[in-house]
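Visitor: Give me a model of this one.
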Amino acid sequence: MHGYDADALKHWSPRTDRWARYFRSRVPLASRIAPFPATQARPQLPTGARVMNLCNDYDGAFFTARKYDDAFARRLLRFWQYSDFYGSWHGLPVDGSPTGEPDDIVHGLINPPNPAYTDAAHRNGVKSLGCWFWPRPGAFAPYLERYADGSYPVADKLIEMAEYFGFDGYFINHEAETPPDEAKRLRELLTYLRSRAPEGFHLQWYDTIRPDGGLDYLNHLNDENAPWLESAADSFFANYWMTEAGVETSRATALRLGRDPYEAVFHGTENEQFGFDPEYDPRLVFPDSGPARTSWALFGSHFVWELHPGHEDPEAQGPAFERERQYWSGPAGDPSRTGRTRAHEPGAPDPADPAKWDGVAHHITERSVIGAFPFVTRFNTGHGRGFFLAGRRASDADWYNASIQDVLPTWQFWSEGPEGAQGGESPDFDYTRAYDGGSSLRVPGGTTARLYKTELAVRTGEESVSVTYAGSAPEVGLLFADDPGVFAWRQVGAEEAGPGWHTAARSLAEFRGRTIVTVAVRTASAVHLGELALRDGEFTPPERPEGFQVDAAYVDGESAEVFLSWHLADPGQVWYYDVHREEEWLGRIYDEVYYVKSLRRRGGEAATELALTPVAPDGTRGEPSTTLMNWLRHDH
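Guide: Residues are numbered from 1 along each chain as shown. The predicted model follows:
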């Protein structure tokens with residue numbers, strides 16, 4: 001991926017932007033279900049406040065960024081249920097920039113969000129924003145050019161790029177003193193951008209320059225910086241040095257402007273520097289005595305992986321996963337038991353101590369997109385130490401690709417041990433064993449775990465729940481909207497099914513006319529969950545893909561880079577496509593293109609047959625299309 005300066009923006013076209021078609025997000029933005037306090041981990045928690053999560057993607061690469069690649073030790077966000085906006089946060093060099101010393105690299109004003117993260121965000125109902133960062137090399141005035149017809153070419157191209165690449169707006173971070181005339185023209189450009197953007201497009205302004213161009217982090221919204229919110233932005237990200245009076249002023253200013261404080265103001269917490277122990281307490285936004293004063297912005301939630309000493313070691317990812325869970329679910333790693341257990345000590349911060357952090361779930365209610373049948377998850381976090389299909393290891397290679405992450409459990413992990421005891425061993429993702437993808441969910445014996453918040457109306461009696469498991473068969477527990485305090489537990493599968501993976505289904509006809517609001521499991525002994533599916537009858541297999549072909553291949557000895565394309569089906573018919581050769585998995589994506597980084601030649605073969613298999617939203621696999629990679633034709 002790369003960034004864009006003024007010249008690149010004004011002349012941008014997907015037809016001339018190198019590799020642009022490989023960096024699109026094609027997953028539509030999912031709708032979230034309505035709040036239902038009775039099934040929240042903290043039922044008393046109000047639901048109004050929103051979250052902006054401004055963070056790096058896989059590894060914070062300021063010089064290279066990829067949609068997917070062959071490594072396991074990367075950060076994959078597994079807690080989308082607590083965010084409403086995701087903002088990319090690392091600059092990218094313009095295409096053609098020198099690639100030598102970092103000081104020689106020229107970064108652009110604009111970098112799009114990683115499309116794989118946009119795919120994951122959209123699958124969870126989260127909007128994804130690109131990043132505007134100034135200062136960059138060169139003058140700022142060329143970005144502000146206005147044509148005689150009143151249009152701003154940079155603004156028009158920003159809209160066009162967002163629509164093509166599939167993201168939802170921009171985070172505007174303008175951290176440089178700006179001449180008053182240029183600041184005025186910047187506000188006019190952003191006002192024009194907002195007026196021309198499609199419905200749902202979002203601009204968030206970071207608390208940087210005043211309307212006169214002076215750089216001044218005011219740390220709250222007031223009459224001085226309100227003009228940015230009045231016409232140029234949809235929301236305001238307040239700088240981090242918050243006070244109770246400042247947060248109250250932000251709220252009052254938003255109300256004076258006729259804006260909902262939860263939609264308009266996001267007070268920021270700086271985690272990249274302060275980790276679990278920020279200098280400015282988020283409880284200033286979330287008082288114990290009442291509802292949130294404004295919404296919340298998080299900067300640097302990537303610290304849980306990036307500042308973990310072993311984050312580059314694929315064998316040492318467990319502590320980073322634990323830190324991530326403590327950041328989002330609280331020190332106990334359980335969203336039903338949030339809250340800090342040690343107080344912040346002024347002058348002696350301890351960024352590595354999760355006991356000083358309440359957990360995002362202490363302040364923000366969990367959200368869900370599971371509002372209709374079918375719903376299928378394989379507990380695939382988006383990276384792995386290999387890839388599995390139908391329980392069979394189909395690749396031994398490490399990989400990461402957030403684009404194919406499943407909708408993960410709403411609560412990670414709201415669980416109880418034997419006889420209702422809390423604590424002890426909790427469920428966790430297991431990368432040594434999977435049914436489909438790179439991971440499964442291991443549930444310890446004697447554990448009850450609430451997994452998903454839902455709004456699934458059982459209407460026809462054709463609906464069913466199925467579980468693919470290894471170990472003892474689990475019971476599935478369902479809570480219903482008309483009686484959310486009492487689980488209906490049903491055994492799914494044989495208690496003694498023998499080794500290997502087993503799939504069992506159970507009809508939901510007995511619950512016709514009721515709405516499922518929670519799905520849980522409980523186990524007598526340890527079990528691996530490879531798939532959980534709620535379906536509403538038979539699904540028609542997707543049609544065989546059309547137009548599958550090799551666009552280009554670059555051979556180096558006995559391996560090749562291969563660029564593939566096909567005709568994309570509607571997301572209502574196809575969940576994703578698997579790329580494979582015979583029994584070897586090569587990739588998965590919902591897109592019309594795929595890049596195979598390293599196809600290995602076998603035994604001097606003249607051609608390799610590649611297959612593309614479509615998979616329906618309920619997991620039904622269709623018939624594959626095939627094409628040939630001709631080694632002799634591409635021998636260069």
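Visitor: Could you use CA atoms for every contact and neighbour count after this?
Guide: Will do.
Visitor: Please report how far Pro349 lies from Lys356.
Guide: According to Cα to Cα, to the nearest Å, Pro349 and Lys356 sit 9 Å apart.
Visitor: let me redo that: Arg78
Guide: 22 Å.
Visitor: and the closest residue to Val458 other than its chain neighbours, what is it in contact with?
Guide: Leaving aside its chain neighbours, Val458 sits nearest to Arg512 (5.0 Å; criterion: Cα to Cα, 6 or more residues apart in numbering). By Cα atoms under 8 Å, 6 or more residues apart in numbering, the residues touching Arg512 are 458-461.
Visitor: got it, and Arg32?
Guide: 124-125, 367-371.
Visitor: of all the contacts of Arg512, which comes closest to Asp277?
Guide: Set against Asp277, the nearest of the contacts of Arg512 by Cα to Cα is Val458 (45.2 Å).
Visitor: so what's the backbone phi/psi at the closest one?
Guide: Backbone torsions of Val458, given as degrees, to the nearest 10, read phi -90, psi 100.
Visitor: I'd like to know how far it sits from Gly371.
Guide: On the measure of Cα to Cα, Val458 and Gly371 end up 11 Å apart.
Visitor: next one: Pro319
Guide: Distance of Pro319 to Gly371, computed by Cα to Cα: 33 Å.
Visitor: who's more crowded, these two?
Guide: Gly371 (20 against 15; other Cα atoms under 10 Å).
Visitor: Tell me which stretches of the stretch 151-300 of the chain form helices.
Guide: Remark: helices assigned in the stretch 151-300 of the chain by DSSP state H, counting those that start in this stretch are 153-165, 180-196, 226-227, 244-256, 261-264, 271-274.
Visitor: can you list those in JSON lines and add mean pLDDT, distance to Arg393 and mean neighbour count?
Guide: Shown next, in JSON lines, are these (pLDDT from 0 to 100; distance: least, Cα to Cα, whole Å; neighbours: other Cα atoms under 10 Å):
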{"stretch": "helix 153-165", "mean pLDDT": "98", "distance to Arg393": "33", "mean neighbour count": "20"}
{"stretch": "helix 180-196", "mean pLDDT": "98", "distance to Arg393": "49", "mean neighbour count": "18"}
{"stretch": "helix 226-227", "mean pLDDT": "97", "distance to Arg393": "56", "mean neighbour count": "18"}
{"stretch": "helix 244-256", "mean pLDDT": "98", "distance to Arg393": "53", "mean neighbour count": "18"}
{"stretch": "helix 261-264", "mean pLDDT": "98", "distance to Arg393": "46", "mean neighbour count": "22"}
{"stretch": "helix 271-274", "mean pLDDT": "94", "distance to Arg393": "37", "mean neighbour count": "18"}
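Visitor: Of these, which is nearest Glu623?
Guide: Glu623 lies closest to helix 153-165 among the helices of the stretch 151-300 of the chain, at 29.0 Å (Cα to Cα).
Visitor: what's next to that closest one, contact-wise?
Guide: 6, 9-10, 12, 14, 20, 23-25, 112, 115, 143-147, 168-169, 189-190, 192-193, 196-197.
Visitor: quick check: angle from that helix to helix 180-196?
Guide: Per axes from the mean of the first three to the mean of the last three Cα atoms, to 10 degrees, the angle that helix 153-165 makes with helix 180-196 is 40 degrees.
Visitor: Helix 153-165: how far from the chain's middle?
Guide: Put simply, helix 153-165 sits 22 Å off its chain's centre (Cα atoms, centre = their mean, to the nearest Å).
Visitor: Then stretch 46-64?
Guide: The chain centre lies 9 Å from the centre of stretch 46-64; the measure is Cα atoms, centre = their mean.
Visitor: Could you export it as CSV, CA atoms only?
Guide: Written as CSV, here are the backbone C-alpha positions of stretch 46-64 (Å, rounded to 0.1, in the frame of the first residue of the first chain):
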residue,chain,number,x,y,z
PRO,A,46,-26.1,2.9,29.7
THR,A,47,-25.8,2.4,26.0
GLY,A,48,-25.3,5.9,24.5
ALA,A,49,-21.6,6.5,24.4
ARG,A,50,-19.6,5.6,21.3
VAL,A,51,-15.9,4.7,20.7
MET,A,52,-13.4,5.8,18.2
ASN,A,53,-10.4,3.3,18.1
LEU,A,54,-7.5,5.0,16.5
CYS,A,55,-4.7,2.5,16.1
ASN,A,56,-2.1,0.7,14.0
ASP,A,57,-3.1,-2.3,12.0
TYR,A,58,-0.9,-5.5,11.9
ASP,A,59,2.5,-4.1,13.0
GLY,A,60,2.6,-0.3,12.8
ALA,A,61,4.6,-0.4,9.5
PHE,A,62,5.3,3.2,8.6
PHE,A,63,7.1,2.2,5.5
THR,A,64,5.3,-1.0,4.3
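Visitor: Report the buried residues of it.
Guide: Under the neighbour-count criterion of 16 or more other Cα atoms under 10 Å, stretch 46-64 has 47-60, 62-63 buried.
Visitor: Could you look up the SS state of Arg544?
Guide: Classification of Arg544 using DSSP: H, G, I helix; E, B strand; the rest coil returns coil.
Visitor: In this structure it contacts Ala616, no?
Guide: No: with contact defined as Cα atoms under 8 Å, Arg544 does not reach Ala616; the gap is 11.4 Å.
Visitor: Now do the shared contacts for these two.
Guide: Gly622.
Visitor: Would you mind measuring from Pro291 to Asn222?
Guide: Counting by Cα to Cα - Pro291 and Asn222 are separated by 21 Å.
Visitor: no no, Arg514
Guide: Distance from Arg514 to Asn222, counting by Cα to Cα: 48 Å.
Visitor: Relative to Trp296, how far out is the closest residue to Gly547 other than its chain neighbours?
Guide: Take Gly547 and drop its neighbours on the chain: the residue closest to it by Cα to Cα, 6+ apart is Trp566, 4.6 Å away. Using Cα to Cα, we find Trp566 at a distance of 42 Å from Trp296.
Visitor: again, but for Pro135
Guide: Where Trp296 is concerned, Pro135 sits at a distance of 26 Å (Cα to Cα).
Visitor: neighbour-wise, which of these two wins?
Guide: Shown here are Pro135 and Trp296; by other Cα under 10 Å, Trp296 has more neighbours (26 against 17).
Visitor: dump the residue contacts of the spatially closest residue to that one that is not a sequence neighbour.
Guide: Spatial nearest neighbour of Trp296, chain neighbours left out: Phe266 (4.5 Å); criterion: Cα to Cα, 6+ apart. Contact analysis of Phe266 by Cα under 8 Å, 6+ apart lists 50-52, 235-238, 294-297.
Visitor: Please consider this matter closed, and thank you.
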